[in-house]
Structures are given as C-alpha cells and as structure tokens.
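K.L.:
turn this into a structure:
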Amino acid sequence: MANKLRKVYVKTFGRSEKAKSTRSAMLAFAIRLGSAAFIYLSHIILARWLGSREFGIYTYAWTWVIILGSISTLGFSMVMVKNLPIYLKRERVSDYLGLMFFGRYLSFFIAILITIIGIYGVQMFSGSVQTGIAFPLMLALICVPLFAIVDVQEGISRANDWIYLGLLPNYLLRPVLILIFFFIMVYFGFARDASSIMMACIIASGLTALVQLILVEINIAKKVTKVKKTFLAKPWLALAFPLLLTDSFMIFITNTDIVMMEYFLLPEDIAVYFAAVKTTLLAAFIYYAVVVASASKFAEYWDDDNREKLTKAINHSVTMTFLPSLVASLGIMLVGYWFLAAYGEEFTRGYMVIVILSIGAILRAATGPTEWMMTMMGQQKTVLWTTGVAAVVNIILNFLLIPIWGLEGAASATAITMAGVALFLFVQVRRGLKIAIKFAGLI
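P.N.:
Residues are numbered from 1 along each chain as shown. Next up, the predicted model:
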C-alpha cells in the first residue's frame, strides 16, 4: 500500500513531464470545476429572474457570440498553443513576440468587421426572426470582438503554461461580472429581459478582456526580453486557416442544435434544451482540462520525433479523460432531473436530453482528445475534412430529427456527430499514424 501511495505521489508531484502534465490537468480541472459550478448556479438564477422565454432568447443570442467569436480568432488560439512553445525552446524570441502581437490584433480586427456585418444583417432580416430576438442579438454581436480577444489570449496563456490566466478570465471572471452587472442594472430599474442581460455581457466582456490583456503583457515581460518582432504572416496564416475551419466546424457541431431550434421550436424550448446541455457539460470540463495540460506536449514530442514519449503522453491523456468523464457522466444522469428542477419545473422535460448527450460524451471521452492530438501532430487537414463532413451531417441530422423528436432529436444529432468524429479520428491515430493508442485506456 505504501509503495502504491509513493508511486501516486511521484506521478503527481514529481519532476517528470508526466507529473507536470498531471498537475496542469489537475489545476485546469479545479478551475473548470469551480467555474462550471458557478456558471451553472448563475444560469439557474438567470432562468428564474428572466423566465423561460427571455432566458431562451439570451441563450440563443449568446450562442451566436460563441460561434462568431470563435470564428473571429482565425484559428490563432490554436496556432499559439502549437507554435509558441517551439519558438521558446529554440530561443526565437522575435517570432514568439511577433506571433502573439499579430494573432491578437488581426483576430480583433476581423471580429469588429464581423460585428458590423452581423448587426447590419440582423437589421436587414429582422422581420424573419421571432419577436423580441433582433435587438438582444444585435447587442450580443458587440461582444464578439471582446470574446475573440479573450479566446486568443487563452491560447497564449496555455502555450506558456499560465493555466490560471488562460482559464480564470474566460470561465470565472466574465460570468461573475455578468451576474454582478445584471443585478446592478435590475436594481436601478432596468427590465429583467434578454436586452438587459446582453448589456451586462458587453460590460463584463470588456472588463475581462482588459484585465487579461494587462496580466498577459506583465507575464510576457517577465518571461522574455523585448526584442524587435518578426511577422511570419504567410506560414502563420497557412497554419491558421485549416485550424480556423476545424475550430469553426467543431463550434458548428456543438451549437447547430440551438441555432436550428429557433426555426422549429419556441424560445421556451431553447431555454429547456440549453439548461439540459449545460447540465451535461458539467462533465465536459474534464475533457477540456486534459486538453489544456497535454496539447502543447503532443506538439513538442511530435516535433522532436520522440515516439515513445508521444505514445505515453497520448495514452496518459486518454486515461485521464475517460475514467473521470465516465464517473461524472453517470453521476449527472443519476441526478440530472433534480438539477433541471432547480431551473424551474418546466425545465424537467429536458431530462432525456441529458441522457442522450451523456452517452455521446462517454464515447467521445473513451478516445481521448483525438482532434487535438491530430492537430498538434500536424494532421490538421485530416481533422479539417473529418469535422467538415461531420458539420454537414450534423446540420442534416438536426434538420431531420428536430421536427420529429424535438429536443431529443437535437440531442441525438449532436451526440451521434461528436462521437462519430472522435471514433473516426481515434482510428486515424492508431492506423494512420501507427501510434498504439488505447480505447478507454484499455484496448
């Protein structure tokens, strides 16, 4: 027993790369766990303050922020994770500084253009959307540049192993500020509706981006000596483009259901579905924590052509993803009904959504973070085509299943697509790259 405890201690607190990866995953896990709990609680509060209709409009508008904000990064969040550790290792400080500057401000500029075009588009087609959605949607679009800059800076922080700085602003600071500012606005007489909460989102997103920017700059100054920046725009954009498309396809896969539900169902249905999805995602932070801890190591070992370390890192990430995700997903299925009841009695009809999405999440977790493995090992074109086909399939499935099965149809479309992508890429890692990756860490 003592020997086993000693081994666990060494694997967790030792100086090996595996121990460092484990500690990073544990830190990311702790941050995401705390933030997930707070975000979930804040959504319950908002659902009860706003009512199911206004809460549904808010979640629909914020879904567009996630989609467009992620697209606006042009894939540079992942370019940071892939390239910055290599630049530091090879002491290419000018490239290191240039990439951060170029990616950050190009993404922000693109996001502003998307916001302008988006607001104009909503004004042009406001007659075709449901009553009460157009104005909150236009307010949401103002958040897109602020969301994009935080997303890129998260990539910068992860690449530099500043886990807290990558996760806390996006997953804790902004949700806390949104709730605070909305409470202040309601206290001073603003209506409890989707427009008011989106105004709070604008203020909170702006402050979050500013605080994170200042802290990132302080940490960069401590890490390297400032030199003249070099801008390798052509190779960066060549890498970013397939990563952008891949990230966009994954965003579409995970958010198409909510977007398409606006055309088939009512805002109240979107609110119920959103609550069920957020309940299921309480287990997803495990997957994300492992990605945060492992992604840069995949790139480093692949670049060094160290197959032994790479194989160990991959299987370690699979084990760290699957076992906790399995326990968490089963637990969520067990208590999910009462979690939904906390939103309000009308939300409990979303329980089957939790069951369907949890089964899909378990299958996905059994393969580990396959799309990140492939991307960090230079196989982004394979990931691109896989996720592109999956995005189209997802749209078709949502179009066919939502009118028939409603909420359960949307959940089935998402679960099938996400699990299918993970399983296909798992086979590509094992057979295409000849890496002995184990399904669920076992076979």
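K.L.:
so what's the gap between the helix or strand containing residue 137 and the chain middle?
P.N.:
Using DSSP states H and E, residue 137 maps to helix 134-142. From the chain centre to the centre of helix 134-142 is a distance of 21 Å (CA atoms, centre = their mean, to the nearest Å).
K.L.:
helices and strands around that helix, which ones?
P.N.:
helix 17-72, helix 93-124, helix 194-223 (3 or more CB pairs under 8 Å, 6 or more residues apart in numbering; DSSP states H and E). (Each C-beta comes from the backbone N, C-alpha and C, glycine too.)
K.L.:
next, the angle helix 93-124 makes with the longest one.
P.N.:
Interaxial angle, helix 17-72 versus helix 93-124 (axes from the mean of the first three to the mean of the last three CA atoms, to 10 degrees): 40 degrees.
K.L.:
next, the buried residues of the helix or strand just after helix 17-72.
P.N.:
Following helix 17-72 in sequence order, the next helix or strand is helix 76-89 (DSSP H and E). Buried positions in helix 76-89, judged by neighbour count with 16 or more other CB atoms under 10 Å: 76-88.
K.L.:
what comes into contact with helix 76-89?
P.N.:
With CB atoms under 8 Å, 6 or more residues apart in numbering as the test, helix 76-89 has contacts from 93, 95-96, 99-100, 103-104, 106-107, 151-152, 154-156, 158-160, 224, 236, 239-240, 243, 247, 295-296, 299-300, 303, 375-376.
K.L.:
ok, so of the buried residues of helix 76-89, who is nearest residue 30?
P.N.:
The nearest member of the buried residues of helix 76-89 to residue 30, counting by CB to CB, is residue 81 at 20.3 Å.
K.L.:
quick one: the helices and strands packed on helix 134-142 as CSV, columns for distance to residue 395 and mean pLDDT too.
P.N.:
Listed next are the helices and strands packed on helix 134-142 as CSV, based on distance: least, CB to CB, whole Å; pLDDT from 0 to 100:
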stretch, distance to residue 395, mean pLDDT
helix 17-72, 13, 82
helix 93-124, 19, 93
helix 194-223, 25, 95
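K.L.:
closest one to residue 367 among these?
P.N.:
helix 17-72 (16.9 Å).
K.L.:
angle of that closest one against helix 134-142?
P.N.:
130 degrees.
K.L.:
chain center to helix 17-72, what's the gap?
P.N.:
Computed by CA atoms, centre = their mean, the chain-centroid distance of helix 17-72 equals 9 Å.
K.L.:
ok, now stretch 422-429?
P.N.:
Centroid separation for stretch 422-429 versus its chain: 20 Å, with CA atoms, centre = their mean.
K.L.:
let the chain start at 19 from now.
P.N.:
Fine by me, first position is 19 from now on; the one you just mentioned is stretch 440-447.
K.L.:
pLDDT of that stretch, averaged?
P.N.:
For stretch 440-447, mean pLDDT is 92.
K.L.:
what's in contact with that stretch?
P.N.:
Taking CB under 8 Å, 6+ apart as the rule, stretch 440-447 contacts 332, 381-382, 384-386, 388-389, 391-392, 397, 400-401, 404, 453, 455, 457.
K.L.:
ok, now stretch 342-352?
P.N.:
For stretch 342-352, the surrounding residues in contact (CB under 8 Å, 6+ apart) are 47, 297-298, 300-301, 304-305, 357, 372-373, 376-377, 379-380, 383.
K.L.:
so which of those residues comes closest to residue 214?
P.N.:
Checking those one by one against residue 214 (CB to CB), the nearest turns out to be residue 297, at 24.9 Å.
K.L.:
count of residues packed around the closest one?
P.N.:
Number of residues near residue 297 (other CB atoms under 10 Å) recorded here: 27.
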